[in-house]
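Colleague: Whatever this is, show me its structure:
(2 chains)
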Amino acid sequence: MTRAETLLAYVAEHHPRSVRGIEEARAVDPAAWDAVAEQFLGWAEGVWGPTGWQARCIDAFMRFSNDVIMSQARYEADGHYENSSFAECNEHVYSQRDVMDDYLWGVFITNFCWSHHMELSLFFRDRFLARLPGAPAIVEIAPGHGGWGVWALSNRPDARLQGFDISPSSIAIASSIAKAAGVSERVTYTQRNALDLATMPAASADAVICSFLIEHLEDPGLLVANIANLMKPGARGYLAGALTAAQVDHIYLFKRESELVALCEAHGLRVTETLSVSPKRTLPKAKYLPRSMGLILERRDLRQV
Amino acid sequence: MTTLEKLADVLRDVFEDDDLVVTRTTSAREIAAWDSVMHVTLMISVERAFGLRFKSGNVAGLKNVGELADLVDRLKAGG
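Modeller: Got it, this is the predicted structure:
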């Protein structure tokens, strides 16, 4: 039995309410889903062992997914996100090691077990990873679980990656996944606030990855400015964000895709491609469509006005 | 009206099935429409019906209506 098959059997036995959602994710592209699930779960197995990853990762995914849908229901009722400051999120989430560990493993599994995130993962693979320059120096801002960057390193044996995250849980989990994937020697993770990266050498990265940080910030413009500053001329960036999609630690409410595009353009970036995706099912009578959006970025040079 | 009887009314309303038979062992395995999204919809409806507010972590792992009834009773008792 493959790990993907093990996951499906485990969900059917222990979490029957979630079978439909995972079937929807696989239906996006069954062959690709099998491959991505096998790769990600292989890393999870490398961390947790052949019998430990199911309960640790899949149960965390179920809790995380339930949290997200509950937050969306509260947002539907209230019209605003639950928290509005980094300090609140830091107190309730980021500084709580147990909460963060569960949260990060849950997010890790969403990459292929939420249908819209499966779509976004394929966009990341096909439109960003596949088109990086040779021997790229990659910077990953807020790697979280580390899966995106480790995926990049696994696909590109000539790449190196520096990752910066404020959370010690992130550093620990991302490092453990990198080790399980056999890419440890090409990655360094440092505990550091993503908004302090302005002190890093400008134009030092061939590629920048920043997945699902921007909606966690009070001032998303500062993050985009840092991304633009890090990118060499000709570098590519990948930015992902959430729109009208609540989560306990989402604080900046993006309502339209154009807001993310305009923010990037205002900080000297050109948005070459975008993909906006939403879940196959929403809450009954929902007013807001939760979306995740990926943007491929280039630095705008002086000839492009 | 017992907690289970009141919950049964909520389930019939949420799943739009007046003939739904609800017992303590009723679970998502018997109700095809009870997926992850409808689970949260059900929990929000239960909150409204009983005047409670769940913590998400308390409802993610509920296995059946009996466990939900026990949770409601605990919260009503201030637990």
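Colleague: Next to chain B, which bits of the stretch 151-300 of chain A? Give me the list.
Modeller: With Cβ under 8 Å from any Cβ of the partner chain as the criterion, the stretch 151-300 of chain A meets chain B at residues A:Arg281, A:Thr282, A:Leu283, A:Pro284. All C-beta atoms are positioned from the backbone trio N, CA, C, and that covers glycine.
Colleague: which of these are buried?
Modeller: Neighbour counting by 16 or more other Cβ atoms under 10 Å in any protein chain shown classes A:Arg281, A:Thr282, A:Leu283 among those as buried.
Colleague: closest to A:Phe112 among those residues?
Modeller: Set against A:Phe112, the nearest of those by Cβ to Cβ is A:Arg281 (17.3 Å).
Colleague: Please verify my assumption that that closest one contacts B:His39.
Modeller: No - counting by Cβ atoms under 8 Å, A:Arg281 does not reach B:His39; the two are 11.7 Å apart.
Colleague: Can I get the buried ones among the residues of the stretch 151-300 of chain A next to chain B in CSV including secondary structure and pLDDT?
Modeller: CSV is the format used below for these (DSSP: H, G, I helix; E, B strand; the rest coil; pLDDT from 0 to 100):
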residue, secondary structure, pLDDT
A:Arg281, coil, 95
A:Thr282, coil, 95
A:Leu283, coil, 96
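Colleague: Can you pull out the low-pLDDT segments for chain B?
Modeller: B:79 (pLDDT under 70).
Colleague: residue in it nearest to chain A?
Modeller: Nearest residue of chain B to chain A: B:Ala60, at 3.7 Å (Cβ to the nearest Cβ).
Colleague: what's near enough to touch that residue?
Modeller: Shown in contact with B:Ala60 (Cβ atoms under 8 Å, 6 or more residues apart in numbering or on different chains): A:Met62, A:Arg63, A:Asn66, A:Asp67.
Colleague: what are the ranges of the helices in chain A?
Modeller: A:3-14, A:19-28, A:30-48, A:53, A:59-78, A:86-89, A:97-113, A:115-123, A:147-155, A:168-181, A:220-230, A:257-266 (DSSP state H).
Colleague: Of those, which shows the lowest average pLDDT?
Modeller: Mean pLDDT per stretch puts helix A:86-89 lowest among the helices of chain A, at a mean of 90.
Colleague: coming back round to it: how much space separates the residue of chain B closest to chain A from B:Phe15?
Modeller: Distance of B:Ala60 to B:Phe15, computed by Cβ to Cβ, to the nearest Å: 19 Å.
Colleague: just for the stretch 201-305 of chain A, where's the confidence low?
Modeller: Looking at the stretch 201-305 of chain A by pLDDT under 70, you get A:302-305.
Colleague: returning to that earlier point: please produce TSV containing the helices of chain A, extended by mean neighbour count and distance to B:Ala69.
Modeller: What follows is the helices of chain A, written out as TSV (neighbours: other Cβ atoms under 10 Å in any protein chain shown; distance: least, Cβ to Cβ, whole Å):
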stretch	mean neighbour count	distance to B:Ala69
helix A:3-14	17	21
helix A:19-28	19	24
helix A:30-48	18	34
helix A:53	23	33
helix A:59-78	21	19
helix A:86-89	16	33
helix A:97-113	21	26
helix A:115-123	22	32
helix A:147-155	24	39
helix A:168-181	21	35
helix A:220-230	21	44
helix A:257-266	17	43
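Colleague: How much space separates A:Asp126 from chain B?
Modeller: Distance, A:Asp126 to chain B, using Cβ to the nearest Cβ, to the nearest Å: 28 Å.
Colleague: Next, the contact list for B:Val40, please.
Modeller: A:Asn66, A:Ile69, A:Met70, A:Gln72, A:Ala73, A:Leu283.
Colleague: who touches the residue in the stretch 151-300 of chain A that chain B sits nearest to in this structure?
Modeller: In the stretch 151-300 of chain A, the residue that lies nearest chain B is A:Arg281 (5.0 Å; Cβ to the nearest Cβ). Counting by Cβ under 8 Å, 6+ apart, A:Arg281 touches A:Arg20, A:Gly21, A:Glu24, B:Asp35, B:Val37.
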